[in-house]
Every structure is written in structure tokens, then in C-alpha cells.
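Colleague: What shape does this take:
(one chain, ligands or ions: 3)
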Amino acid sequence: MVLTVDIGNTRIKAAVFEGSTVLGKFVFEKNELEKKIKKILKKFQNCSDLVVASVGNIERQSFLALEKELNIHFLTHEDVFPFVNKYATPKTLGIDRMVLAAGATLQFPKQNRLVIDAGTCITYDFIDEFDHYLGGAISPGLRLRYEALHNYTARLPLLALEDPGSYIGNTTAQAIHSGVVNGFVYEIDGFIDEYRVRYSNFIIILTGGDTEFLAKRLKNTIFANSNFLLESLNQTFQYKIDND
Ligand SMILES: Nc1ncnc2c1ncn2[C@@H]1O[C@H](COP(=O)(O)OP(=O)(O)O)[C@@H](O)[C@H]1O
Ligand SMILES: CC(C)(COP(=O)(O)O)[C@@H](O)C(=O)NCCC(=O)O
Ligand SMILES: [K+]
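Modeller: Ligands and ions are numbered 1, 2, ... in the order given. Have a look, this model is predicted:
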């Protein structure tokens with residue numbers, strides 16, 4: 001059994017895999033890391049490996065205490081990945097994006113793939129049919145947009161996510177919801193349309209905390225899978241074992 005852990009900038013997601021089957025999935029806050037991991041390992045005592053991708057402020061050292069219990073794999077740029085990295089600054093590429101690209105490459109062979117991760121940030125990652133990772137984009141995520149409007153103005157309230165009634169918001173609240181939610185959806189559909197100009201065929205994988213909210217609002221056809229990063233972590237680990 002393998003325990004995969006995805007440490008994002010907002011939350012931690014974890015899943016236990018037996019082969020490619022998910023036996024359990026967990027979401028928790030960063031201050032609960034140790035407590036929750038111990039609880040998961042108590043429940044799934046056959047876990048032999050722990051695989052971590054962290055873009056948050058949690059480092060390798062946080063897992064050292066567990067080394068007696070199981071093998072720790074804290075993924076970095078030094079690991080083997082199933083694509084050719086064409087990013088001009090490969091060392092600054094987020095490890096989460098590398099894992100997503102690995103999952104897309106392994107799960108959808110020999111085709112162009114666009115991975116969209118709607119988390120704290122929205123990340124776009126494109127891997128072409130020759131398994132070249134080309135790059136993509138980083139923009140503020142849904143919750144971050146609401147928070148940024150509030151934090152960097154004097155008069156805008158902090159609102160909780162709500163469906164905008166119309167794109168013409170006629171109150172402050174409705175104008176914010178329209179700007180944030182519609183802007184988010186238009187941006188993603190706009191990026192997809194732009195990729196389509198250059199690549200006639202590609203598959204689109206949508207993941208991240210806002211997957212469900214977003215999936216039904218996009219005009220483009222996508223594979224929506226909020227577990228894609230955790231599944232990709234499991235696949236990246238299997239790939240590492242086979243190719244190291
Ligand atoms: N309980 C929750 N706490 C925080 N964000 C949530 C929650 N449920 C859904 N979200 C949405 O998930 C997004 C963060 O996604 P997530 O994948 O958890 O981020 P990260 O991987 O960067 O930590 C936010 O934009 C927010 O709208
Ligand atoms: C862009 C990110 C902040 C996204 O993080 P997330 O939204 O998943 O929490 C992360 O992938 C990161 O820190 N990237 C480094 C810069 C880069 O990928 O080029
Ligand atoms: K992201």
C-alpha cells in the first residue's frame with residue numbers, strides 16, 4: 001500500500017492506494033499534518049511507502065520521524081519523470097505541476113494534453129504528443145480572487161463563493177460574484193480556445209479544489225477528476241520504481 005500526500009498552498013490532500021485502487025481519501029489543514037498522517041497509518045497498517053509532493057511551506061524534515069515505519073519519497077526535480085521538460089527554468093517548476101504532467105503523460109499516452117488545476121492558483125500545463133512538457137500559465141484561483149479584491153481595496157467585502165445571477169451585477173455583491181466567478185470561467189474557456197487554435201486535438205484534464213464547481217460551467221468538454229493529482233502521485237511513484 002502507498003500513502004500519497006499532496007501539500008498545496010491551501011490544504012493537504014492524501015490518499016491510500018493498493019495498486020491503482022483508492023482505499024481512502026483525506027483532506028486536512030497544514031497544522032494537522034502529523035496527527036492525521038499517524039491516524040491514516042494506524043488505519044492502513046500495510047502502508048509501505050509514503051509519497052509526497054509539497055508546494056506549501058512543509059519540507060522533507062516534517063516526515064523524518066516516520067522513516068522508521070515506512071519509506072519516505074519526498075519528490076523533487078531530481079526524480080525521474082516520464083516527459084522531457086522544456087520549461088526554461090526547470091528547477092523553479094512546481095513539483096505539483098510536474099506530477100500532474102507525469103500523470104497526464106502516463107494515463108493518456110501519445111496525445112496532446114492540457115492539465116488545468118483549479119486550486120489556490122489555477123495552473124495550466126501542456127504536454128504534447130511527443131511527451132514534451134512545454135509549460136502553461138499560473139493565475140489566481142477562485143478563493144484567491146475573492147480574497148485579493150477584499151485585501152487590496154478599502155470598500156470591497158470578503159464574500160463566500162456564490163453563483164452570479166447575471167454577468168451584469170447590479171449590487172456590489174453581485175458585481176463581485178460576476179467578476180470573480182464569470183472571470184474565472186471565461187479565463188479557462190478562453191485559454192482552452194487559444195490552445196485549440198494551435199493544436200487541433202488535445203485532451204483536457206481538470207482537477208483541484210474547484211473542479212466540481214467549475215466542471216459544469218465550462219463550455220468545453222473536459223475530464224473532471226478532483227483526485228487526479230493524488231492518482232498521478234501514485235503513478236509517478238510506480239514509474240520511479242520501474243525506471244530508477
Ligand atoms: N473546505 C475548503 N477549504 C478551502 N478551499 C476550498 C474548500 N472547498 C473547496 N475549496 C476551493 O478549493 C480551492 C483550493 O483548492 P485546493 O486544491 O485545496 O488548493 P491547493 O492544492 O492549492 O491547496 C479554493 O479556490 C476554494 O474555492
Ligand atoms: C503555481 C503554484 C503556486 C500552484 O500551487 P497550488 O495552487 O497548487 O497550491 C505551484 O505550482 C508553485 O509554487 N510553482 C512554482 C512556479 C512554477 O511552477 O513555475
Ligand atoms: K494549482
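
Colleague: Compute the distance between Leu106 and ligand 1, please.
Modeller: 21 Å (CB to the nearest ligand atom, to the nearest Å). No exception for glycine: its C-beta is placed from N, CA and C like everyone else's.

Colleague: From ligand 3, how far out is the closest residue to that residue other than its chain neighbours?
Modeller: Closest residue to Leu106 apart from its sequence neighbours, by CB to CB, 6 or more residues apart in numbering: Gln235 at 5.0 Å. Counting by CB to the ion, to the nearest Å, the gap from Gln235 to ligand 3 is 18 Å.

Colleague: Then Ile176?
Modeller: With CB to the ion as the criterion, Ile176 and ligand 3 are 22 Å apart.

Colleague: Correct me if wrong: that residue contacts Gly169.
Modeller: Yes: with contact defined as CB atoms under 8 Å, Ile176 and Gly169 form a contacting pair (7.1 Å).

Colleague: So the two - more neighbours on which side?
Modeller: Ile176 (21 against 16; other CB atoms under 10 Å).

Colleague: Quick check: which element contains that one?
Modeller: For Ile176, the host element (DSSP states H and E) is helix 172-177.

Colleague: what kind of secondary structure is Val27 in?
Modeller: strand (DSSP: H, G, I helix; E, B strand; the rest coil).

Colleague: That one - how many residues pack around it?
Modeller: Val27, neighbours per other CB under 10 Å, totals 13.

Colleague: Can you tell me, leaving aside adjacent residues, what's nearest to it?
Modeller: Lys13 (5.3 Å).

Colleague: partners of the one you found in the sheet?
Modeller: Asp6, Val27 (DSSP bridges).

Colleague: Could I get the contacting residues of it?
Modeller: Val5, Asp6, Lys25, Phe26, Val27, Leu229, Leu230 (CB atoms under 8 Å, 6 or more residues apart in numbering).

Colleague: wait, is Glu78 part of a strand?
Modeller: No: Glu78: not assigned to a strand; according to three-state DSSP it is coil.

Colleague: what's the spacing between it and Leu93?
Modeller: Going from Glu78 to Leu93 by CB to CB, to the nearest Å gives 13 Å.

Colleague: part of a helix, is the residue nearest to Leu106?
Modeller: Yes: assignment of Gln235 by three-state DSSP places it within a helix.

Colleague: shouldn't it be in contact with Phe108?
Modeller: No: counting by CB under 8 Å, Gln235 stays clear of Phe108, with 11.4 Å between them.

Colleague: how far away is whichever residue of the chain sits closest to ligand 2 from ligand 3?
Modeller: Proximity of the chain to ligand 2 (CB to the nearest ligand atom) peaks at Gly94, 2.2 Å away. Separation of Gly94 from ligand 3 (CB to the ion): 8 Å.

Colleague: and the residue nearest to Leu106, how many neighbours?
Modeller: Gln235 has 21 neighbours, counted by other CB under 10 Å.

Colleague: Now do it, the pLDDT please.
Modeller: On the pLDDT scale, Gln235 is placed at 98.

Colleague: Show me how the protein divides into domains.
Modeller: Under the assignment automatic domain parsing, the domains of the chain span 2-74, 84-233.

Colleague: what's the closest of those domains to Ile241?
Modeller: domain 2-74 (8.9 Å; CB to CB).

Colleague: tell me the mean pLDDT for the closest one?
Modeller: 96.

Colleague: now the strands: where do they sit in this protein?
Modeller: For the chain, strands defined by DSSP state E occupy the ranges 2-7, 12-18, 21-28, 49-54, 71-74, 84-85, 113-118, 121-127, 132-140, 203-207, 223-224.
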